[in-house]
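> the amino acid sequence is not available; the structure is as follows:
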Ligand code: DAH
């Protein structure tokens, strides 16, 4: 009898373990056929053991058989119910009481934020925003800007020349080294008066360090009309810098030279205790007007080119320009 009861025990624990291990109704059905199947399941084999018990043993053996059968059967039921209820819970799926999944939103890059603000400010001063190409020819990057052939700024080692002559162009093609190109493109296309700004990338093969990058951004400004003077230029730059950084900002001009302006100045800005150079400016050179077909007897104008990263670094208190281009989200998300 002990053998028979032991066989029942073994059957029971094997069946329960097999049921617990199932993960789909299909698997469960296989287990059911194997252990409880009427035709050739393991239960039938057990049943035949009852016949081998002696008369006295039979009631106990029969009782244990029924017990085992009921237990395995009901564990099967429970397993099936929990499987189907889990499935239908998943299908009902949307529980409005659960906290939502907040999508991670990006933000504008600090340089882009600055550009957006600059455009907005200059728009309020009546300056239209125009765009120019980053791939330029020598006429727009140099010649029409009164930069002669032998000028050091044209040294191939100081520029990113891309092609000696591109399809559909007259000469070599380079990545623009300044946004002053857009002055020419604008004046070629429309007569005076002009009030534009153009903001974008420029490229120079400079050694990269805390304050230099081989790609950075400039804001070019151009105003051409009758009787435009340097006083307009200085007033505009002062109002602009104050609108961006606050009423304490001062602007100063230092005499300088640029081929496309006469006179030319370096522009410094004071914010806090120290002066900082922010760009160049001046009165548009008469040769530039002639190059685009404007009459220098009729109109005057001023132009300026400001480094956007300079402002951006001051504004966000960043001391290394390289941070802006490393795409480190841990840094960018603090600004
Ligand atoms: N293009 C000059 C540069 O990249 C900056 C500049 C100077 C722009 C004087 C101007 C200007 O429009 O008038 O260094």
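Good, I have the coordinates. Keep in mind that what you see is a predicted model, and the values were worked out from it rather than measured. Numbers count the residues shown, from 1 in each chain.
> which positions in the protein make contact with the ligand?
178, 180, 220, 258, 261, 279-282, 303-305 (CB under 6 Å from any ligand atom). In this view, the C-beta of every residue, glycine as well, is placed from N, C-alpha and C.
> would you point out which residue is most central in the protein?
Geometric centre of the chain, nearest residue: residue 106, 6.6 Å, by CA atoms, centre = their mean.
> tell me how far it lies from the ligand.
31 Å (CB to the nearest ligand atom, to the nearest Å).
> now do residue 80
Separation of residue 80 from the ligand (CB to the nearest ligand atom): 77 Å.
> check contacts around that residue.
25, 28 (CB atoms under 8 Å, 6 or more residues apart in numbering).
> can you pull the contacts of the residue in the stretch 1-150 of the chain that the ligand sits nearest to?
The minimum distance from the stretch 1-150 of the chain to the ligand, using CB to the nearest ligand atom, falls at residue 145 (8.1 Å). Contact analysis of residue 145 by CB under 8 Å, 6+ apart lists 180-181, 183-184, 259-260, 288, 291.
> what is the nearest of the residues you listed to the ligand?
For these, the nearest to the ligand is residue 180 (4.2 Å; CB to the nearest ligand atom).
> can you pull the buried residues of stretch 143-151?
143-147 (16 or more other CB atoms under 10 Å).
> need those in a markdown table with secondary structure, can you?
Shown next, in a markdown table, are the buried residues of stretch 143-151 (DSSP: H, G, I helix; E, B strand; the rest coil):
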| residue | secondary structure |
| --- | --- |
| 143 | helix |
| 144 | helix |
| 145 | helix |
| 146 | coil |
| 147 | coil |
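> quick check: the farthest pair among these?
Greatest spacing in those, by CB to CB: 144 and 147 (8.8 Å).
> any idea how far the nearest residue to residue 42 once chain neighbours are set aside lies from residue 4?
Once flanking residues are discounted, residue 42 sits nearest to residue 35: 5.2 Å by CB to CB, 6 or more residues apart in numbering. Plainly put, residue 35 is 17 Å away from residue 4 if you go by CB to CB, to the nearest Å.
> when the two are compared, which one has more neighbours?
Legend: neighbour count by other CB atoms under 10 Å for residue 35 and residue 4, higher for residue 35 (22 against 18).
> got the domain boundaries for this protein?
Structurally, the chain divides into domains by automatic domain parsing as follows: 2-93, 110-332.
> please name every helix or strand in contact with the host helix or strand of residue 222.
Taking DSSP states H and E as the definition, one finds residue 222 inside strand 215-225. The contact analysis (3 or more CB pairs under 8 Å, 6 or more residues apart in numbering; DSSP states H and E) places strand 215-225 against helix 110-124, helix 181-189, strand 194-203, helix 230-245, strand 274-284, strand 300-307, helix 308-316.
> chain center to the second one, what's the gap?
Mean-position distance between helix 181-189 and its chain equals 31 Å (CA atoms, centre = their mean, to the nearest Å).
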